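*Asks:* test case, fold it:
(chains A and B)
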Amino acid sequence: MSINPDSGTPIYLQIADWIEDGILTGHFEEDEKVYSQYQLAEQYRINPATAAKGLSVLAEQGILYKKRGLGMFVSPNARKIIFSRRRNGVLQEKIRDAVTEARLLGLSKEELVAMLRDEMEEEK
Amino acid sequence: MDLNFHQVVKHFGKTKALSGLTLNLAGNKIIGILGRNGAGKSTALQLAAGLLKPSAGNVSVLGEKPFNSLRISANTLLVHEGMTFPPALRLGTILDELERTYPSFDRKLARNLLDHFGIPSDAFHIQLSRGMKNTFNMVAGIASRTPLSMFDEPLNGMDAGVRSDLIQVLLKEYISHPRMILLSGHQLEGVEDLFEEIVILHEGRLLHHENADEFKERFVRISGPCSVVRRAASTEKVLDLHDTLPGMSEAIIMMKPGTALIMSEGNGLKSMSVSLGDAYVALTRKKGGIDRVYTDAADGK
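*Replies:* Numbers count the residues shown, from 1 in each chain, chains lettered A, B, ... in the order given. Here you go, the predicted structure:
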């Protein structure tokens, strides 16, 4: 991954997302140490304070925990926290995008709902 | 490290380069000094390095006036394009002299970096191309490891590879040997994410000083139907608002600290981030921008 300067997402949240991806894919295991703010800073060429902010966002949500003097580690229930938050957040956002697009195209509410229903039935 | 400017004025003849700059910087941070040409960036850095004496007001580094201070000279270094070295000395000898001047200078690092960038240590400074000169100056500045290290437009004229390597070196050095690093310039690509704080100078004064992450988050480019853009922008500070397609507008808005833009869903409004460069240009732009020059000319002004 590299930092995407054009995305509306602040860099420290991009860092947090990237670590979350690593946890979901099993790259970082439970109770395993994740990268330090300095490793992240060098890897993404960002200020160490920005990288630290990304780590602390995850710590606040209980995804990482701090061991004094040793660094940040993956919490035992990290995957569960990420999974539930992402399902609610990301899906919601995609639905919002679909609604925006539908309005731009002048689709009615019924037409959009019909398209959604068709899509779900097709997947069955 | 502490660097303070209090009501600093600097004249050069009739030209006023700084007209009452007050700025307080503290801590080992990488700080971006931004501003348009003539904003006073270089003058401010030269004052901090003790190369100039303020016409009025006070500059202090580590609690001391830098002008004519040996202690401050040994603890600060300003790298800029106009640096001159004795023409009779080869680059290697210049580095030897820098090692004698700066107690923290790392001679081995300087040699290894010059080797890496293919700059022969038996060359003379005057023989180097513009990009190589700037590379040498920056290597000297990085290796000096002074508690206050200042780089005025350091990356000008360098090819992309060297530029990218030097940015990496700067970051590694900052992590291994924390110090206050001031970087000024226009060509910010690749550097802007290194800043912990940004300072914007405008017309010889401080226009803005803020944490870099927070600053960047406050700027948003929004686009969509005119009425929607205008409504979204009505509660915020608008820096640039113009029509794009018929019926569509785009705006750069600057939000108050700690607020987020509420995007009412489904009305066609899109938001994008704004680069640091675009943000400070928008902040310091003259009203009407370049278009004004042409409309004024057409109106016979």
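
*Asks:* mind jotting down where the helices sit in chain B?
*Replies:* Assigned by DSSP state H, the helices in chain B fall at B:41-48, B:70-75, B:91-101, B:107-116, B:130-144, B:160-176, B:212-218, B:226-233, B:276-284, B:289-298.

*Asks:* now the residue positioned nearest the centre of chain A: how far from A:Gly54?
*Replies:* The residue lying closest to the centre of chain A (CA atoms, centre = their mean) is A:Asp17, at 3.7 Å. A:Asp17 sits 9 Å away from A:Gly54, going by CB to CB, to the nearest Å. All C-beta spots, glycine's among them, are computed from the backbone N, C-alpha and C.

*Asks:* with A:Val113 instead?
*Replies:* 38 Å.

*Asks:* neighbour-wise, which of these two wins?
*Replies:* A:Gly54 (23 against 12; other CB atoms under 10 Å in any protein chain shown).

*Asks:* assumed that one was part of a helix.
*Replies:* Yes - assessed by DSSP: H, G, I helix; E, B strand; the rest coil, A:Gly54 belongs to a helix.

*Asks:* bridged to B:Asp240, which residues?
*Replies:* B:Ile252 (DSSP bridges).

*Asks:* how many neighbours does it have?
*Replies:* Neighbours of B:Asp240 (other CB under 10 Å): 17.

*Asks:* quick one, grab the pLDDT at it.
*Replies:* Confidence at B:Asp240, expressed as pLDDT, is 81.

*Asks:* wait, it sits on B:Val281?
*Replies:* No - look at B:Asp240 against B:Val281 with CB atoms under 8 Å: they stay out of range, at 9.2 Å.

*Asks:* deepest in the core, which of the helices of chain B is it.
*Replies:* helix B:41-48 (a mean of 24; mean count of other CB atoms under 10 Å in any protein chain shown).

*Asks:* how about the helices of chain B in TSV, adding mean pLDDT and distance to chain A?
*Replies:* Listed next are the helices of chain B as TSV, based on pLDDT from 0 to 100; distance: least, CB to the nearest CB, whole Å:
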stretch	mean pLDDT	distance to chain A
helix B:41-48	96	20
helix B:70-75	93	23
helix B:91-101	95	26
helix B:107-116	96	17
helix B:130-144	94	15
helix B:160-176	94	5
helix B:212-218	89	5
helix B:226-233	82	11
helix B:276-284	86	9
helix B:289-298	71	22
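
*Asks:* dump the ones you listed into a markdown table; add distance to B:His11 as well.
*Replies:* Shown next, in a markdown table, are the helices of chain B (distance: least, CB to CB, whole Å):
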| stretch | distance to B:His11 |
| --- | --- |
| helix B:41-48 | 10 |
| helix B:70-75 | 22 |
| helix B:91-101 | 30 |
| helix B:107-116 | 37 |
| helix B:130-144 | 28 |
| helix B:160-176 | 33 |
| helix B:212-218 | 31 |
| helix B:226-233 | 40 |
| helix B:276-284 | 22 |
| helix B:289-298 | 29 |
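
*Asks:* can you tell me which of those comes nearest to B:Ile30?
*Replies:* Closest approach to B:Ile30 among the helices of chain B (CB to CB): helix B:160-176, 5.9 Å.

*Asks:* quick check: angle from that closest one to helix B:107-116?
*Replies:* Orientation of helix B:160-176 against helix B:107-116 (axes from the mean of the first three to the mean of the last three CA atoms, to 10 degrees) gives an angle of 160 degrees.

*Asks:* next, count neighbours for A:Thr25.
*Replies:* 8.

*Asks:* ignore what I typed, I meant B:Glu203.
*Replies:* B:Glu203 - counted by other CB under 10 Å - has 14 other residues nearby.

*Asks:* model confidence score at the residue lying closest to A:Tyr44 once chain neighbours are set aside, please.
*Replies:* Spatial nearest neighbour of A:Tyr44, excluding adjacent residues (CB to CB, 6 or more residues apart in numbering or on different chains): A:Ile3 at 5.3 Å. pLDDT, A:Ile3: 73.

*Asks:* surely B:Glu196 and B:Ala26 touch.
*Replies:* No - here B:Glu196 does not reach B:Ala26: they are 11.6 Å apart, not a contact under CB under 8 Å.

*Asks:* so which of those two has more stuff around it?
*Replies:* Neighbour totals were compared for B:Glu196 and B:Ala26, and B:Glu196 leads with 20 against 11 (other CB under 10 Å).

*Asks:* is B:His242 in contact with B:Glu250, as I believe?
*Replies:* Yes - with contact defined as CB under 8 Å, B:His242 and B:Glu250 form a contacting pair (6.2 Å).

*Asks:* and these two? Which one has more around it.
*Replies:* B:Glu250 (18 against 10).

*Asks:* that one reaches B:Arg221, doesn't it?
*Replies:* Yes - B:Glu250 lies in contact with B:Arg221 (CB under 8 Å); the separation is 6.6 Å.

*Asks:* once you drop chain neighbours, what's closest to residue 63?
*Replies:* No chain specified, so I'll use chain A. In space, A:Ile63 is closest to A:Ala78, 4.5 Å off (CB to CB, 6+ apart).

*Asks:* hmm, no, I was thinking of chain B.
*Replies:* Going by CB to CB, 6+ apart, B:Gly63 has B:Asp2 as its nearest residue, at 6.8 Å.
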